[in-house]
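**Q** what follows is a predicted structure for the sequence shown.
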Amino acid sequence: MTSNLQVSNIRQVFNDGNHNAFTDLCRFGEHIYLTFRSCPDGHMLFTSSRIVIMRSVDGVNWQQVHEFSVPKRDVRDPHFMVLNDKLFVYTGTWWVEPGDSSERDINDHLGYCAWSEDGSTWHGPVLLNGTHGHYIWRAGAHNGVGYLNGRRIRDFDVIVDRTQANEPMESWLMVSDDGFNWTPLGLMQPAYGDETAFVFEDDGSVLAVARCMERRPAQVCRASPPYTTWTQQDLDQYIGGPLLARWGEHYLVGGRKMRENAQPITTLYWLVDDQLQEAAELPSGGDNSYPGFVALSPQQGILSFYSSHEGSGTSLAPSAIYLADLSLR
């Protein structure tokens, strides 16, 4: 059984005229933190991209506390993790060939992170050992150990035609004791692997919602400790940039929903018995989705997402970062 979801107070919190996208939220100490990518040149791969980190006490008033980029690389998809009393921000990066961002090799992926002990003074970015060839995505900690989703080409094969790279793309769970050195642990998706969000259950097992390439239906993936063996079950629709969050007794899912004869839209769902129940559609369009979420209480929460529907309406700048208040009735 699910509760009714009420969405209110939708507001722009960042719009500098750039293409701002790919959000995440977390709580660290007494603050809520928001991160996203900002790039004047748009959604695709550009060395002009940077990762922005902001924070707020109340979720209303925000200040920027850090930003970073990586020379000669596109940075995107930042995600938070709290481990060993440090707040990490992880980003997957592409090598960008000077003068031609279309020339790229998936096996050149590298993960980077910036981190802080207090949220005010930041370090990095530094290269994450063990991530070469992996495009890193969401992260999470459990019992003092860090975990990270990364996708890679099976056997690191060199695939010249990127249209042939979808089936051999794998999604992996990676593990680290310190947040800097990573090792592949378990194969979450053996084919068409993509962005994967995950949460830890009370019994230590992992529940994940994974996007699939070629707009195939998203999957529910599960594993028990030591997380080396995974099962996959198809959902009834595609989800782009998935969010999965445990909110009290509920499982909140969010992401981009594709629609016939209409622009895609950021949509929220409940995950119930491995089925999606649509809960709300957010005002969005053009290039959009990639939500983050922080529970403020068992009945109140805050959600981040991006959209270009009030900007370019496309994958070009401008695109804005939005927040929405969520409540259960």
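**A** In hand now; what should we look at?

**Q** do you have the strands of the stretch 101-250 of the chain handy? List them.
**A** Here the stretch 101-250 of the chain has its strands, by DSSP state E, counting those that start in this stretch, at 110-116, 122-127, 135-142, 145-153, 169-176, 183-189, 193-200, 206-212, 219-223, 231-234, 240-247, 250-259.

**Q** and Val199, how many residues sit next to it?
**A** Residues near Val199, counting by other CB atoms under 10 Å, number 17. (C-beta placed from N, C-alpha, C; glycine too.)

**Q** meant to ask about Gly124, not that
**A** Neighbours of Gly124 (other CB under 10 Å): 16.

**Q** surely it and His66 touch.
**A** No. Between Gly124 and His66 there is no contact under CB atoms under 8 Å: 9.4 Å.

**Q** need the residues touching each of those two.
**A** Overlap of the contact sets of Gly124 and His66 (by CB atoms under 8 Å, 6 or more residues apart in numbering) consists of Ala114.

**Q** which residues touch the residue nearest in space to the middle of the chain?
**A** Central residue of the chain (CA atoms, centre = their mean): Arg138, 5.1 Å from the mean position. The neighbourhood of Arg138, defined by CB under 8 Å, 6+ apart, consists of Asp24, His79, Leu148, Asn149, Glu195, Thr196, Ala197, Phe198.

**Q** distance of Trp247 from Arg162?
**A** 37 Å (CB to CB, to the nearest Å).

**Q** compare these two (neighbour count), which wins?
**A** Trp247 (20 against 11).

**Q** and the nearest residue to that one once chain neighbours are set aside, how many neighbours?
**A** Spatial nearest neighbour of Trp247, chain neighbours left out: Ala295 (5.1 Å); criterion: CB to CB, 6 or more residues apart in numbering. Ala295 has 17 neighbours, counted by other CB under 10 Å.

**Q** over to Asp58?
**A** 10.

**Q** per-residue pLDDT, Glu310?
**A** We note a pLDDT of 97 for Glu310 in this prediction.

**Q** how about it, nearest residue that isn't a chain neighbour?
**A** Once flanking residues are discounted, Glu310 sits nearest to Ala320: 6.2 Å by CB to CB, 6+ apart.

**Q** CA atoms only: put the helix or strand hosting the one you found into CSV for me.
**A** Per DSSP states H and E: Ala320 is located in strand 320-328. Backbone C-alpha positions of strand 320-328 (Å, rounded to 0.1, in the frame of the first residue of the first chain) are rendered in CSV as follows:
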residue,chain,number,x,y,z
ALA,A,320,17.9,25.2,-14.8
ILE,A,321,18.1,23.3,-11.5
TYR,A,322,14.8,22.9,-9.6
LEU,A,323,13.7,21.8,-6.2
ALA,A,324,10.4,20.5,-5.1
ASP,A,325,8.9,19.8,-1.6
LEU,A,326,7.4,16.4,-1.2
SER,A,327,4.9,15.3,1.4
LEU,A,328,2.9,12.1,2.2
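
**Q** thanks again, I'm all set now.
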